[in-house]
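S.K.: need coordinates for the following:
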Amino acid sequence: MLRRATRLAALALACGLGTWNGSAENALLRKPAPQFARRDLHGTMVSLRADRGKVVLLSFWATWCAPCQQELPQFAAWQKAYGPDGLQVIAISMDDDARPVRALAHKLDLQYPVVMGDAALGKRYGGVLGLPVTFLIARNGTVAERFEGESRLVGIETRMKELLARR
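M.R.: Have a look, this model is predicted:
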């Protein structure tokens, strides 16, 4: 029975249907966000260090993830609305091939950096076992929140606004 429950929980995470409250999730909270520098889909270097002083919404996602496809346009709207207040959205695709990522980013008209991720980067962020996984990084570079699975966008926005209000 325990094995079946474990498999069901893993399946739910893989499909973005739940959250996981394990130690990996909490390991980064209130600690410096792992640094990275990668080229986005347009060839521009994207560095977390370059966004120090901003609130960063960092989203791990994939083209095959339905909840991800629902969140990405909302993140684009937030980038437009809250960018002047210091928000920077960065999307990290966990797809193996950039072609479908480019196509979806174009279709959704994402006006924020989209970079390709990999297992090593996911591991640095506490393990990305299911998608989407979204982090809010405070202006001082520390991880303020981690949201896993199909997120409640209202909760993300509320916390994001709190972080943006802190100067």
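
S.K.: chain center to the one helix or strand W78 maps to: distance?
M.R.: W78 is part of helix 66-82 when elements are defined by DSSP states H and E. The chain centroid and the centroid of helix 66-82 are separated by 11 Å, computed with Cα atoms, centre = their mean, to the nearest Å.

S.K.: so what's the residue nearest the centre of the chain up against?
M.R.: With distances taken as Cα atoms, centre = their mean, S59 lies nearest the centre of the chain, 1.4 Å away. Contacts were defined as Cβ atoms under 8 Å, 6 or more residues apart in numbering; by that measure S59 touches 68, 71-72, 75, 89-92, 132-135. Every C-beta, even on glycine, is put in place using the N, C-alpha and C of the backbone.

S.K.: swap in G86?
M.R.: Residues near G86 by Cβ under 8 Å, 6+ apart: 53-55, 139, 164.

S.K.: tell me which stretches of the protein form helices.
M.R.: Applying DSSP state H to the chain gives helices spanning 2-14, 23-27, 66-82, 98-107, 119-124, 153-165.

S.K.: of those helices, which is nearest E145?
M.R.: Minimum separation from E145 across the helices of the chain (Cβ to Cβ) falls at helix 153-165, 5.3 Å.

S.K.: and the closest one with helix 66-82, angle?
M.R.: Using axes from the mean of the first three to the mean of the last three Cα atoms, to 10 degrees, the inter-axis angle of helix 153-165 relative to helix 66-82 is 30 degrees.

S.K.: no more questions from me, cheers.
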